[in-house]
Structure formats: structure tokens, C-alpha cells
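J.: after the sequence you'll find the predicted model.
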Amino acid sequence: EMPTPSLAMKIAAMRVAMPRVPKRGRNEHSRYDYATSADITNAVLEQCNAQGIVWHVSLGDITTAPTPKGGSIVSTVRMTITLIDSESGEEATYHWAGTGADTADKGLYKAITRGTAYFWMTLLMIPTGDDPEADEETDRQATAGVTRGHRDRGAELDAALADAAPRQPAQPAGSHLITD
């Protein structure tokens, strides 16, 4: 009889099997597309069911504050997300936080929903079909500013700077890994 895979091995298997989640949501105000929480949750739930993993979210500290320009309230919630292997009982606990803004009473629910979705996107490295850090215009402007005094080496220096520029992974807006 084969031994039961560890929870870590099951999470790794979920990461490998995770499909791309398309960006079907649209923020018209800020003009960007995003993967909806429902689409992320459905993809994660399918993989969790296949691996026999259940999860539980417990809420911790909740804070609210008005946005700098007013009109909305930003809610921040600390969460403990526990993954449980239904076969072995093995558990993994993660401390996370989410933020959500709303003009009425939905900020806390947005913080929980988006925070949980970003937790899964981060843990399982869920692809959405693009590079959120790709911003060619910003990169071009930054490189132009650095090389302004070096026009004699122009393209050569631009290429060297582009190749040498460190790439930092972005912390998704709306969520934070808490390391106490």
C-alpha cells in the first residue's frame, strides 16, 4: 500500500495542476481586468477536492479607517488560514491579512474575500495569463532618466540596464503575509 502523500506534497500537486484563471472581472473606473474571487475560489476548490484538502479561515484583529480623500472606509482584517489534509489530519497554518474599501458596510467582507483569494493565488502561484509587473512605458521612462547623461552609449547602456535591473515580486494589493 502506498503511503499517504504529505500535505506539502498535495499542495505541490495542486500547484502543478492549477489551471490558468482568466481575468473575467473588469474595474471600469481604473481600467483594468482581474481574476474574480469566485473564479479563483472555484479553481482552488476543484484542486482541494481532488487532493482531499479542506480549509478554514479564522478572523483576528479588524481595523477600519477612512480613505485619505474620504468617502470610503478601508477595512483590514488579520486572518489565520488553516489547511487540513482530510486523509491524514495533517494541518498547515498561515497568517494573512486582507484589505477592502467600501462606501457602505461591505469593506470587511471585501477584505476577507480578496485576502483569501490572494492567499491562494500566492500559495499556488495561480497564473492569470499576464505579468502584473510588465509596464514597458514605465520601464522605458526609468531607463531614459538613468541614461540621459550617457547618450553616447545610448542603446548599449539601455540594454545593459534592462538586463541588470532586479525584478522584485509584487505584493498583491489587498493582502499581506504576516510573519510574526
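T.: Yep, it's here. Numbers count the residues shown, from 1 in each chain.
J.: the spatially most central residue of the chain and D61, how far apart?
T.: Centroid-nearest residue in the chain, with CA atoms, centre = their mean: Y118, separated by 3.5 Å. In this structure, Y118 and D61 are 18 Å apart, going by CB to CB, to the nearest Å. All C-beta spots, glycine's among them, are computed from the backbone N, C-alpha and C.
J.: ok, back up a step: give me the buried positions along whichever strand or helix holds the residue nearest to the centre of the chain.
T.: Remark: Y118 resides in helix 107-124, with elements defined by DSSP states H and E. For helix 107-124, the neighbour count (16 or more other CB atoms under 10 Å) marks 107-108, 110-124 as buried.
J.: kindly report the same for stretch 52-70.
T.: For stretch 52-70, by 16+ other CB under 10 Å, it's I53, W55, V57.
J.: and those, which is closest to D85?
T.: Among the buried residues of stretch 52-70, I53 lies closest to D85 (CB to CB), at 6.0 Å.
J.: check the offset of stretch 100-117 from the chain's centre.
T.: 15 Å (CA atoms, centre = their mean, to the nearest Å).
J.: go ahead and name everything in contact with that stretch.
T.: With CB atoms under 8 Å, 6 or more residues apart in numbering as the test, stretch 100-117 has contacts from 35, 37, 40-41, 57, 59, 62, 64, 67, 71-77, 79, 81, 96-99, 174-175.
J.: quick one: the strands in this structure?
T.: Shown for the chain, the strands assigned by DSSP state E span residues 25-27, 32-34, 53-66, 73-85, 91-102, 175-177.
J.: strand partners (parallel or antiparallel) of the third one?
T.: Meaning strand 53-66. According to DSSP bridges, strand 53-66 forms sheet pairs with strand 73-85 (antiparallel).
J.: okay, buried residues for the partner strand please.
T.: Buried, per 16+ other CB under 10 Å, within strand 73-85: I73, V74, S75, T76, V77, R78, M79, I81, L83, I84, D85.
J.: can you show me the CA trace of stretch 70-78 as CSV?
T.: Taking Å, rounded to 0.1, in the frame of the first residue of the first chain, the C-alpha atoms of stretch 70-78 are listed here in CSV:
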residue,chain,number,x,y,z
GLY,A,70,-12.8,60.4,2.4
GLY,A,71,-16.0,58.8,1.0
SER,A,72,-14.9,55.2,1.7
ILE,A,73,-13.9,53.1,4.7
VAL,A,74,-10.9,50.8,4.4
SER,A,75,-11.2,47.6,6.5
THR,A,76,-8.2,45.5,7.3
VAL,A,77,-8.6,42.0,8.8
ARG,A,78,-5.9,39.6,10.1
